[in-house]
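Q: quick one, structure for this:
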Amino acid sequence: MDTQNKKIKTLEAAIEECERIKGLGKRVVFTNGCFDILHPGHTRYLYSAKKLGDFLVVALNSDHSVHIIKGPKRPILGEQSRAELLAALECVDLIVIFDDDNPLKVISDLLPDILVKGGDWAEDEIIGADVVKKNGGEVKRIPFVTGFSTTDIIRTIVDLYA
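A: Okay, the predicted model is just below:
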């Protein structure tokens, strides 16, 4: 547990760690999301993202941020629980929780080498893509994994107990 929680950092500590990693000549990969009710679509996506570089940073939407994006009944799991689950994944090197409705500030502060989003996002809709490219980085889209959806899982549970 302690090792996993060491992966959860403040933005300031994440900036220092990313600078250290880049100083070693390694490539920092960045993605973000709510990751509410972790499922195989999430884990496949994160393992694919990690393969694009050396060090995977996941910016996790805070509970407040998820409320803004998904509505007042979300998230199902609180930010610390979601961060702990992500930290348990071998492919995830660092988690930073952010409170805004989008990760632009985190991306601008970390300046990753590679910004990753799911294939369901058009590149011109990916927040921070311009910042990363302007800094010499790349934007990659990972094919969307069909058959897994947090919203569908929640609907199924509601239907089971309705």
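
Q: for this structure, which spans come out with low pLDDT?
A: 1-4 (pLDDT under 70).

Q: rerun that using 90 as the cut-off
A: 1-5, 37, 73, 118-124, 143-162 (pLDDT under 90).

Q: residue nearest the centroid of it?
A: The centre of the chain sits closest to Asn32, judged by C-alpha atoms, centre = their mean, with a distance of 2.5 Å.

Q: quick one, strands of the protein?
A: 8-9, 28-33, 55-61, 94-98, 114-118, 138-142 (DSSP state E).

Q: I figured the residue nearest to the centre of the chain was touching Asn61, is that so?
A: Yes: with contact defined as C-beta atoms under 8 Å, Asn32 reaches Asn61; the gap is 7.2 Å. (Glycine included, C-beta is placed from N, CA and C.)

Q: who touches both of those two?
A: Phe98 (C-beta atoms under 8 Å, 6 or more residues apart in numbering).

Q: neighbours of Lys105, just the number please.
A: Each residue near Lys105 was counted by other C-beta atoms under 10 Å, and the total is 14.

Q: tell me who's in contact with the closest residue to it other than its chain neighbours.
A: Spatial nearest neighbour of Lys105, chain neighbours left out: Phe98 (7.2 Å); criterion: C-beta to C-beta, 6 or more residues apart in numbering. Shown in contact with Phe98 (C-beta under 8 Å, 6+ apart): Leu11, Asn32, Ala59, Leu60, Asn61, Ser62, Ser65, Lys105, Val106.

Q: let me know the closest of those to Ile154.
A: Asn61 (16.3 Å; C-beta to C-beta).

Q: measure the closest one to Asp152 for me?
A: 19 Å (C-beta to C-beta, to the nearest Å).

Q: neighbour count winner among those two?
A: Neighbour count, other C-beta under 10 Å: between Asn61 and Asp152, Asn61 has more, with 27 against 11.

Q: burial of the spatially closest residue to the more buried one that is not a sequence neighbour, as a residue count?
A: Computed as C-beta to C-beta, 6+ apart, the closest residue to Asn61 that is not its neighbour in sequence is Cys34, at 4.7 Å. Neighbours of Cys34 under the rule other C-beta under 10 Å: 21.

Q: which ones are touching Cys34?
A: By C-beta under 8 Å, 6+ apart, the neighbours of Cys34 are Leu60, Asn61, Ser65, Val66, Ile69, Lys70, Arg74, Pro75, Arg82, Thr150.
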